[in-house]
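> any chance you can model this:
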Amino acid sequence: MTNDATVTTATDGPDADTDGNPALVSPVDADRSPDTGAGPAAELGEAEHGRSLMALNGWSQSACVAVIALFTLLPFASAILLASDGWVATGDVAIIGIRSYDAWTTDAPLVGQPTTGEEAVGVESSHPGPIENWIAGPFVRTLGPQLGLLVGIAAINGAALGVTLWLAFRRGGPA
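Numbers count the residues shown, from 1 in each chain. Modelled structure (predicted):
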């Protein structure tokens, strides 16, 4: 396997050592400006603002913020609808509610939900960890077992949606 990248040498200037011997310069460094050390991305203005919301102007910035906010708030709208219909936690969701209620006490859960994986391997097992119980715990304690669980899980899902959309924008940029 061959490497098509070329390596250049510098015999003077900051890339040479003190004896005047040439120093190796990587292909990435060869593209950098000798004055600023910035590469082509900095010359295009992408180094500071390339894919940030602040780089957008007018309605496009407002539209991006509105879309991210809308998707962040969707789980809360769902929680409100479920609460107004008289939703009651059952099964695994009820266990999550009970364990969330215990999360910030001396009887806090240290492992995640029990699994049915033990049926396959014969060893008692649980999911990796109780992070959802720790996050939903304050909501369950302050708002009660039904509404607190709905709002706590909506907060987890809303944050996940908002961060996912923000990261997608940061990676892909505006359309």
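> which residue ranges of the chain form strands?
Counting by DSSP state E, the chain has strands at residues 8-10, 23-25.
> pLDDT on the first one, on average?
Strand 8-10 comes out with an average pLDDT of 50.
> count the neighbours of the residue nearest to W104 when sequence neighbours are not counted for me.
Excluding its sequence neighbours, the residue lying closest to W104 (C-beta to C-beta, 6 or more residues apart in numbering) is G137, at 4.9 Å. (Each C-beta comes from the backbone N, C-alpha and C, glycine too.) Applying other C-beta atoms under 10 Å, we find 22 residues neighbouring G137.
> go on, A160?
Neighbour tally, A160, other C-beta under 10 Å: 13.
> equivalent analysis for the one 3 residues further on, please.
By other C-beta under 10 Å, the residues close to V163 number 12.
> distance of it from G152?
With distances taken as C-beta to C-beta, to the nearest Å, V163 is found 17 Å from G152.
> ok, R51 next?
Counting by C-beta to C-beta - R51 and G152 are separated by 32 Å.
> mind saving the C-alpha coords of stretch 51-71 as PDB?
Below are the C-alpha coordinates for stretch 51-71, written out as PDB (Å, rounded to 0.1, in the frame of the first residue of the first chain):
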ATOM      1  CA  ARG A  51     -21.800  26.000  11.500                       C
ATOM      2  CA  SER A  52     -23.100  27.900  14.500                       C
ATOM      3  CA  LEU A  53     -26.500  29.400  14.800                       C
ATOM      4  CA  MET A  54     -24.900  32.800  15.300                       C
ATOM      5  CA  ALA A  55     -23.500  32.500  11.700                       C
ATOM      6  CA  LEU A  56     -27.000  32.500  10.200                       C
ATOM      7  CA  ASN A  57     -28.800  35.700   9.300                       C
ATOM      8  CA  GLY A  58     -32.400  36.700   9.800                       C
ATOM      9  CA  TRP A  59     -35.200  34.200   9.200                       C
ATOM     10  CA  SER A  60     -32.800  31.200   8.700                       C
ATOM     11  CA  GLN A  61     -31.500  31.600  12.200                       C
ATOM     12  CA  SER A  62     -35.100  32.000  13.600                       C
ATOM     13  CA  ALA A  63     -36.200  29.000  11.600                       C
ATOM     14  CA  CYS A  64     -33.400  26.800  12.900                       C
ATOM     15  CA  VAL A  65     -34.000  27.800  16.500                       C
ATOM     16  CA  ALA A  66     -37.800  27.300  16.100                       C
ATOM     17  CA  VAL A  67     -37.300  23.800  14.700                       C
ATOM     18  CA  ILE A  68     -35.000  22.800  17.500                       C
ATOM     19  CA  ALA A  69     -37.300  24.300  20.100                       C
ATOM     20  CA  LEU A  70     -40.400  22.600  18.500                       C
ATOM     21  CA  PHE A  71     -38.800  19.100  18.600                       C
END
